[in-house]
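**Student:** Attaching a predicted model along with its sequence, questions to come.
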Amino acid sequence: MKAISGSVCLIWLLLILFQETSGQGVIRGKITDQNGEPLIGATVVLKDNRSIGTSADLDGNYSLKITDTSAQTLVISFISFKTIEEPVHPRKGEVIIRNFIMKPATQEIQAVEITAKQ
């Protein structure tokens, strides 16, 4: 009898976990610069809910689980690089692969003239 009740508990636990993970989409990929170097710590967040997000690991890889299956916009950012906004539409249980190549956000300044007086 104990073995049966233990098996029933295990089956219930597995069903609950399956329902929790099957109702979400996953977006994963790699974030690099124009030279193919990984951007460690680059952030990926949802535009409408910035509390849902992740950051790139040592290889530039990220993975973001999204429970809301409506159309979303990802915001990818990193210091001194141009921010990228990418629309995605995750579906239940779907894994979307999105790799990003970020461009530097550089600005040129005019010539500076330095003069000294005594």
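**Tutor:** Sure, I can see it. Numbering: from 1, shown residues only.
**Student:** thought residue 31 was touching residue 58?
**Tutor:** No - the criterion here is CB atoms under 8 Å, and residue 31 misses it with residue 58 at 11.9 Å. Heads up, the C-betas are built off the backbone N, CA and C, glycines and all.
**Student:** Beta-bridge partners for the spatially most central residue of the chain, please?
**Tutor:** By CA atoms, centre = their mean, the chain has its centre lying nearest to residue 44, at 3.5 Å. For residue 44, the beta-bridge partners under DSSP bridges are residue 54, residue 76.
**Student:** what separates it from residue 116, distance-wise?
**Tutor:** 49 Å (CB to CB, to the nearest Å).
**Student:** can you pull the contacts of the residue nearest to the centre of the chain?
**Tutor:** Listed by CB atoms under 8 Å, 6 or more residues apart in numbering, the contact set of residue 44 reads 27, 31, 53, 54, 55, 56, 62, 64, 74, 75, 76.
**Student:** ok, it to residue 57 distance?
**Tutor:** For residue 44, the distance to residue 57 (CB to CB) stands at 12 Å.
**Student:** Looking at residue 31 and residue 58, which has the bigger crowd around it?
**Tutor:** Legend: neighbour count by other CB atoms under 10 Å for residue 31 and residue 58, higher for residue 31 (28 against 8).
**Student:** Now for this protein, the helix or strand with the poorest mean pLDDT.
**Tutor:** In the chain, the helix or strand scored least confidently by mean pLDDT, DSSP states H and E is helix 2-22, which has a mean of 52.
**Student:** ok, so what distance separates residue 90 from residue 53?
**Tutor:** Distance, residue 90 to residue 53, using CB to CB: 14 Å.
**Student:** Just give me the longest strand of the protein.
**Tutor:** Using DSSP state E, we find that the single longest strand of the chain is strand 25-33.
**Student:** How far off centre is that strand?
**Tutor:** Distance, stretch centre to chain centre, for strand 25-33: 6 Å (CA atoms, centre = their mean, to the nearest Å).
**Student:** what comes up buried for that strand?
**Tutor:** Neighbour counts using 16 or more other CB atoms under 10 Å place 25, 27, 28, 29, 30, 31, 32, 33 of strand 25-33 among the buried residues.
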